[in-house]
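> Generate coordinates for the sequence data below:
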Amino acid sequence: MQFDTKIAVVIRTDLEAWQKLNVASFLTSGIAAKFPECIGDPYEDGSGTKYLSLIGQPILIYGADRAALSRALERALARNVMPAVYTEDMFKTTHDAANREAVRAVARADLNLVGIAMRAERKVIDKIIDGLKFHS
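As a prediction, the model looks like this:
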């Protein structure tokens with residue numbers, strides 16, 4: 001099935017494995033919150049046990065260095081795509097309000113990005129992530 005939209009997550013490649021997983025989880029929650037229509041129906045197994053709904057389309061995860069992350073952020077904003085962001089400072093906080101303050105304290109050009117996520121039309125996302133490779 002081909003979707004009209006694409007979800008892309010870009011994560012800095014020099015992070016520890018636990019950090020990459022943490023960042024991907026937080027960023028995709030931002031997509032789910034902004035685009036509730038991308039959430040599928042709840043799951044149920046053959047025994048009738050119910051499970052939570054998931055995002056109903058593929059999520060493509062790309063790797064990047066700090067410069068490429070900043071470039072992708074600027075490309076997204078130039079195309080009126082609002083991304084979810086995760087900065088290195090957020091690893092030092094313990095709750096959502098502190099995360100927002102950590103981002104608010106830094107000008108966009110100085111954000112120490114470790115990940116971004118976005119959902120938009122396929123062609124728009126392709127232009128934003130142009131040159132990036134899938135995360136390995």
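> tell me the SS of residue 6?
strand (DSSP: H, G, I helix; E, B strand; the rest coil).
> ok, it touching residue 122?
Yes: between residue 6 and residue 122 there is a contact under Cβ atoms under 8 Å: 4.6 Å. (Each C-beta comes from the backbone N, C-alpha and C, glycine too.)
> who's more crowded, the two?
Higher neighbour count among residue 6 and residue 122: residue 6, with 21 against 13, using other Cβ atoms under 10 Å.
> element containing the closest residue to residue 92 other than its chain neighbours?
Of all residues not flanking residue 92 in the chain, residue 102 sits nearest, at 7.4 Å (Cβ to Cβ, 6 or more residues apart in numbering). In this assignment (DSSP states H and E), residue 102 forms part of helix 96-104.
> Can you spell out which helices and strands pack onto that helix?
strand 84-87 (3 or more Cβ pairs under 8 Å, 6 or more residues apart in numbering; DSSP states H and E).
> For the longest helix seen in the chain, list every residue counted as buried.
Across the chain, the longest stretch assigned as helix under DSSP state H is helix 17-34. Using 16 or more other Cβ atoms under 10 Å as the test for burial, helix 17-34 gives 19, 20, 22, 23, 24, 26, 27, 28, 30, 31, 32.
> Then stretch 104-113?
In stretch 104-113, counting by 16+ other Cβ under 10 Å, buried: 111, 113.
> so how far is the first residue of stretch 77-97 from its last?
One end of stretch 77-97 sits 23 Å from the other (Cα to Cα, to the nearest Å).
> List of residues touching that stretch?
Here stretch 77-97 makes contact (Cβ atoms under 8 Å, 6 or more residues apart in numbering) with 19, 23, 26-27, 29-31, 34, 73, 76, 99, 101-103, 105-106, 111-118, 120, 124-125, 127-128.
> got any ranges where this structure has weak pLDDT?
Within the chain, no range satisfies pLDDT under 70.
> Grab the most central residue of it for me.
Nearest residue to the geometric centre of the chain (Cα atoms, centre = their mean): residue 117, 2.3 Å.
> Can you say which helix or strand has that one in it?
Here residue 117 is assigned to strand 113-121, by DSSP H and E.
> who's sitting farthest from the centroid in the protein?
By Cα atoms, centre = their mean, the chain has its most distant residue from the centre at residue 47, 33.6 Å.
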